[in-house]
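1. Predicted model and sequence below, questions to follow.
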Amino acid sequence: DSVLVQVQNLKMYFQTEGSFSFSKKYIKAVDDVSFNLFKGETFGLVGESGCGKSTLGRTVLGLYKPNAGKVIFEGENIFSLKNKRMKEMRKKMQLIFQDPSASLNPRKTIADILNEPFHIHQVGTMTERKGKIKDLMDRVGLSEYHLSRYPHEMSGGQKQRVGIARALALNPKLIICDEPVSALDVSIQAQVINLLEDLQKEYDLTYLFISHNLSVVHHICNRVGVMYLGKLVETGNHEDIYRNTLHPYAKALISAIPHTDPDNPKDRILLRGDVPSPANPPSGCRFHTRCPERTDLCSHAEPQLKEVFPGHFAACHLC
Ligand code: SF4
Ligand code: MG
């Protein structure tokens, strides 16, 4: 398998607002994260809300400038590109948002919304763009009739199809799907997931699929990364993560999904307490305040992400 994106030691910290200079605090939203994305795969990034997965997705796209680390896309570190080259690169990396209502301009028709990427990047003549836009509508299961509509005249599922069409407009290679079905009715979710799967095959897309929902990830992803408080705690292929789970946090998340493995039903592991603040993460292993398996070592020594089995990484002293 060939690598499309290498994320290396990425750190994205935000300064907390309103703090005095002597008490500056940083939210370590992404704290030293490394992983690869292979061409044509769907990599699921999972974890509770606030764990840093959306920030990680946006930093991989170059929407934030990280405090440290690299994102190497097709051999080039995107953070060292000049503006013009970066603009070219942006065509290849797109984002599908969680809430289609919030991500589509309410004052623009669907035709204008879909023309935007062509306009921004000055691609094609008017006639070519019209043809491409009709084609995109067709690919995402919408009709030409919708082109003159406004977002509020469409259902949530239809709006998300527009968001997907917009992401596809410039023939990207990577699409970050940030909770793409979480805002949709359950009855619509499977349709949108199936559409994303069909489009992936058709256009050779690589997906970074961000979700708090491990059942959705279970259905769509080849590989999975589990995040906790800004860190990746386990990564591996689908089978590794769901059948041979190593990290106690990942075990708890997976134990909450019904029927992942009917031959081997797991008891539900309930975690106590909330996720601690990323401005003040626990010492040692960040999960030690909630971990059912913690030892004395865990509160002062930080476990590193290590390859425990080929291609299967975990950050836990017990592994
Ligand atoms: Fe739990 Fe310790 Fe492993 Fe952290 S290092 S996950 S606290 S056992
Ligand atoms: Mg999010």
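-> Right, received. Where do you want to start? Ligands and ions are numbered 1, 2, ... in the order given.

2. Residues of this protein that sit close to ligand 1?
-> Contact residues (CB under 6 Å from any ligand atom) of the chain with ligand 1: 247-248, 285, 287-288, 291, 293-295, 298, 303, 316-318. In this view, the C-beta of every residue, glycine as well, is placed from N, C-alpha and C.

3. Where does the prediction get shaky in this structure?
-> Applying pLDDT under 70 to the chain picks out residues 1, 17-23, 259-266.

4. that older thread, buried subset of the residues of the chain next to ligand 1, written for PyMOL?
-> Entered in PyMOL, the line below selects the buried ones among the residues of the chain next to ligand 1, by 16 or more other CB atoms under 10 Å:
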select buried, resi 247+248+285+287+288+291+294+298+303+316+317
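
5. Please list the members of the residues of the chain next to ligand 1 that lie in helices.
-> Mapping those onto helices (DSSP state H) picks out P248.

6. out of the residues of the chain next to ligand 1, who's nearest V162?
-> H247 (37.8 Å; CB to CB).

7. for the closest one, what are its contacts?
-> Applying CB atoms under 8 Å, 6 or more residues apart in numbering, we find H247 in contact with 226, 233-234, 287, 314-316, 319.

8. any idea how far L232 is from it?
-> To L232, H247 is 10 Å away according to CB to CB, to the nearest Å.

9. anything in contact with each of the two?
-> Listed contacts common to H247 and L232 are 226, 315; contacts here mean CB under 8 Å, 6+ apart.

10. just how off-centre is the top helix by length along the chain within its chain?
-> Looking across the chain with DSSP H, the single longest helix is helix 186-203. With CA atoms, centre = their mean, to the nearest Å as the basis, helix 186-203 stands 16 Å off its chain's centre.

11. Buried residues in the helix or strand containing V233, which are they?
-> Per DSSP states H and E, V233 falls inside strand 231-237. Within strand 231-237, the residues scored as buried using 16+ other CB under 10 Å are 231-236.

12. which one of those residues is nearest ligand 1?
-> Ligand 1 has its nearest neighbour among these in V233, at 7.2 Å by CB to the nearest ligand atom.

13. so that closest one touches C291, yeah?
-> No - applying CB atoms under 8 Å, one finds V233 not in contact with C291, separated by 10.5 Å.

14. shared neighbours of the two, which are they?
-> Common contacts of V233 and C291 (CB under 8 Å, 6+ apart): Y249.

15. got a list of what the residue in the stretch 101-250 of the chain positioned nearest to ligand 1 touches?
-> Of all residues in the stretch 101-250 of the chain, P248 sits closest to ligand 1, with a separation of 4.5 Å (CB to the nearest ligand atom). P248 sits next to 269, 287, 291-293, 316, 318 when contact means CB under 8 Å, 6+ apart.

16. Which one of the residues you listed is nearest to I113?
-> Within the contacts of P248, the smallest distance to I113 is 41.7 Å, found for F287 (CB to CB).

17. Enumerate every residue touching that closest one.
-> By CB under 8 Å, 6+ apart, the neighbours of F287 are 228-229, 233, 247-249, 294.

18. Spell out the residue ranges of the strands in the protein.
-> 3-15, 26-38, 42-46, 68-73, 76-77, 93-96, 174-178, 206-211, 223-228, 231-237, 306-309, 312-314 (DSSP state E).
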